[in-house]
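Enquirer: no letters, just coordinates:
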């Protein structure tokens, strides 16, 4: 199950085709997929999908949509026997199941490994975890849901965390003396956020360390243009780079 860069679901290795499913049921699936493995209270679901309806009508729509989704994913499933869409009191949980997976869960798990290793942790463990997280982050969370209120904040949060992960990876690689790897990581941070201050300074430093003076100078000039566009004065060259763990 993938939510980054566009929603995709495979069951037993076969891509699921959603063309015959009602739009609201598809939206419910994506909503639960973004929260895979975590129970979501029904009031939160209703507020996101049916904000304009009275509570009774919203509850009815939720029950019908959940039933439809279960039947679609598991034809013939008995009431209350779904393996995937599980009710937990007043909440619903989408369970990937044994052998299943979610890019959102994998992204968070990889960041947790890097975070638990801490600044004094093994560099190989940290860089491996950060690279894994960035591999799972394939783009914005559920772009097909546009500016829907329920997804915008999480989308921005995940993008910011991926940006910080890339910048932290650049910092660690630079500290290890792997300047070219640091350049690639800093560029990834800037692809995600072209205004990321540490990303620019890490890119300039990594290119200089790699011996590419011309590229470092060009990046510095671009960075200064970005700062001017924001009305920010040129930073001190001695200012250290600080990147927080994602």
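Expert: Sure thing, it's come through. These numbers were taken from a predicted model, which means no experiment stands behind them.
Enquirer: identify the residues contacting the residue nearest the centre of the chain.
Expert: Centroid check for the chain by CA atoms, centre = their mean gives residue 158 as the closest residue, at 3.9 Å. Listed by CB atoms under 8 Å, 6 or more residues apart in numbering, the contact partners of residue 158 are 4, 104, 107, 137, 140-141. (C-beta placed from N, C-alpha, C; glycine too.)
Enquirer: what's the answer for residue 192, then?
Expert: Applying CB under 8 Å, 6+ apart, one finds that residue 192 lies in contact with 159, 162-163, 166.
Enquirer: run through this structure and note the low-pLDDT ranges.
Expert: 119-120, 234-246 (pLDDT under 70).
Enquirer: how's it carved up into domains?
Expert: Residue ranges for the structural domains of the chain, counted by automatic domain parsing, are given in the record as 10-94, 103-229.
Enquirer: picking up where we left off before, which one of the contacts of residue 192 sits closest to residue 83?
Expert: Checking the contacts of residue 192 against residue 83 with CB to CB, the nearest one is residue 162 at 30.6 Å.
Enquirer: any idea how far the closest one lies from residue 102?
Expert: Distance of residue 162 to residue 102, given as CB to CB, to the nearest Å: 16 Å.
Enquirer: okay, these two: which has more neighbours?
Expert: Neighbour count, other CB atoms under 10 Å: between residue 162 and residue 102, residue 162 has more, with 27 against 22.
Enquirer: would you agree that one is in contact with residue 137?
Expert: Yes - when contacts are counted by CB atoms under 8 Å, residue 162 is listed as touching residue 137 (4.3 Å).
Enquirer: common neighbours of the two, please.
Expert: Counting by CB under 8 Å, 6+ apart, the residues touching both residue 162 and residue 137 are residue 107.
Enquirer: against residue 210, how distant is residue 177?
Expert: Residue 177 sits at a distance of 10 Å from residue 210 (criterion: CB to CB).
Enquirer: equivalent analysis for residue 26, please.
Expert: In this structure, residue 26 lies at 46 Å from residue 210, with CB to CB as the measure.
Enquirer: returning to that earlier point: out of the domains of the chain, which is the most enclosed?
Expert: Across these, averaging neighbours per residue (mean count of other CB atoms under 10 Å) puts domain 103-229 on top, at a mean of 18.
Enquirer: which residues does the nearest residue to residue 74 once chain neighbours are set aside contact?
Expert: Residue nearest to residue 74 in three dimensions, not counting chain neighbours: residue 82, with 5.9 Å by CB to CB, 6 or more residues apart in numbering. With contact taken as CB under 8 Å, 6+ apart, residue 82 is in contact with 70, 73-74.
Enquirer: now do the contacts for residue 144.
Expert: For residue 144, counting by CB under 8 Å, 6+ apart, the contacting residues are 6-7, 30.
Enquirer: distance of the nearest residue to residue 45 once chain neighbours are set aside from residue 151?
Expert: In space, residue 45 comes closest to residue 62 once its chain neighbours are excluded; the distance is 6.1 Å by CB to CB, 6+ apart. Computed as CB to CB, the residue 62 to residue 151 distance reads 18 Å.
Enquirer: show me the helices in the chain, by range?
Expert: In the chain, helices defined by DSSP state H lie at 23-34, 42-49, 55-73, 103-117, 123-136, 149-175, 179-192, 197-209, 213-229, listed in chain order.
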